[in-house]
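Novice: sharing a sequence plus its predicted fold:
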Amino acid sequence: SAVISQKPSRDICQRGTSLTIQCQVDSQVTMMFWYRQQPGQSLTLIATANQGSEATYESGFVIDKFPISRPNLTFSTLTVSNMSPEDSSIYLCSAGGANTGELFFGEGSRLTVL
Amino acid sequence: KQEVTQIPAALSVPEGENLVLNCSFTDSAIYNLQWFRQDPGKGLTSLLLIQSSQREQTSGRLNASLDKSSGRSTLYIAASQPGDSATYLCAVRGTSYDKVIFGPGTSLSVIP
């Protein structure tokens, strides 16, 4: 299994500001994923982060709003830019086991935008 | 396009009952199916992973089955406890490099 650490665990931000969420995995993984979970909803994939290349974004998500970095095989960041109250969500980082394809998650970052 | 549904959306049972949560998916060509537990405001904890070639997996009081041909999976929880109260999500992966599609979840409440 993979142990995934995220920070911050929660934050309250002002409209118009940006916040960067960090995700650290305890082992090297090929792909890392960023999800958003809006209040009362299930998980929606934002993008897949591959080391050494640009992230692949899902429909409805753009790089200018959610820039992602993946500098090595154990670390990734997601920035939520120019935040509005609609961005208030839990943001979750995940990574897959190399052989089984099992997906593991961090504890999530609960973001509240005022 | 793969779609995943879960029924019921919410379930409340007295402690000690056995219960079944259901997950359905529209495309039977899956790589694996995974069940997760999520406590309020927290991340997801992996409960069971079933590969496409498997029919079921067991862990303690949990048993998950997979029927690809009918596009269904069930999570059986035996002798439920108040600590089992959480939201349970199933998630399906199409290929080894495919993205994972989540169901909407079942919110379980076990009453002492």
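Specialist: In hand now; what should we look at?

Novice: which of the helices or strands spans the residue nearest the centre of chain A?
Specialist: Centre of chain A computed as the mean C-alpha position; nearest residue by C-alpha atoms, centre = their mean is residue A:34, 3.3 Å away. Element membership for residue A:34, per DSSP states H and E: strand A:31-37.

Novice: what does stretch A:30-48 contact?
Specialist: With contact meaning C-beta atoms under 8 Å, 6 or more residues apart in numbering or on different chains, stretch A:30-48 is reached by A:23, A:25, A:49-51, A:55-58, A:61, A:66, A:68, A:70, A:73, A:76, A:78, A:88-96, A:98, A:103, A:108, B:44, B:89, B:91, B:97, B:99-100, B:102-105. Using the backbone N, CA and C atoms, a C-beta is placed for each residue, glycine as well.

Novice: report the rounded mean pLDDT for the strand holding residue A:34.
Specialist: Confidence over strand A:31-37 (mean pLDDT, whole number) is 93.

Novice: next structured bit after it?
Specialist: Stepping forward along the backbone from strand A:31-37, the first helix or strand reached (DSSP H and E) is strand A:44-50.

Novice: quick one: that next one to strand A:31-37, angle?
Specialist: Here the directions of strand A:44-50 and strand A:31-37 differ by 160 degrees (axes from the mean of the first three to the mean of the last three C-alpha atoms, to 10 degrees).

Novice: inside strands: which ones of the contacts of stretch A:30-48?
Specialist: Where these overlap with strands, as defined by DSSP state E, the overlap consists of A:23, A:25, A:49-50, A:56-57, A:68, A:70, A:76, A:78, A:89-96, A:103, B:44, B:89, B:91, B:100, B:102.

Novice: kindly write the ChimeraX command that selects the buried subset of those residues.
Specialist: Selection command for ChimeraX covering only the buried members of these, criterion 16 or more other C-beta atoms under 10 Å in any protein chain shown:
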select /A:23,25,49,50,57,68,70,76,78,89,90,91,92,93,94,95,96,103 /B:44,89,91,100,102
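
Novice: distance of residue B:68 from chain A?
Specialist: Note on residue B:68: its distance to chain A, by C-beta to the nearest C-beta, to the nearest Å, is 15 Å.

Novice: what sits against the closest residue to that residue other than its chain neighbours?
Specialist: The shortest distance from residue B:68 to any residue that is not its chain neighbour, by C-beta to C-beta, 6 or more residues apart in numbering or on different chains, is 4.8 Å, and that residue is residue B:28. Neighbouring residues of residue B:28 by C-beta under 8 Å, 6+ apart: B:68-71.

Novice: quick one: name the residues of chain A near chain B.
Specialist: Residues of chain A that fall close to chain B, judged by C-beta under 8 Å from any C-beta of the partner chain: A:1, A:4, A:6, A:31, A:33, A:41-43, A:45, A:48, A:58, A:90, A:92, A:94, A:100-108, A:110.

Novice: filter the residues you listed to the buried ones?
Specialist: The neighbour-count test (16+ other C-beta under 10 Å) applied to those identifies A:4, A:6, A:31, A:33, A:42-43, A:45, A:48, A:90, A:92, A:94, A:101-108, A:110 as buried.
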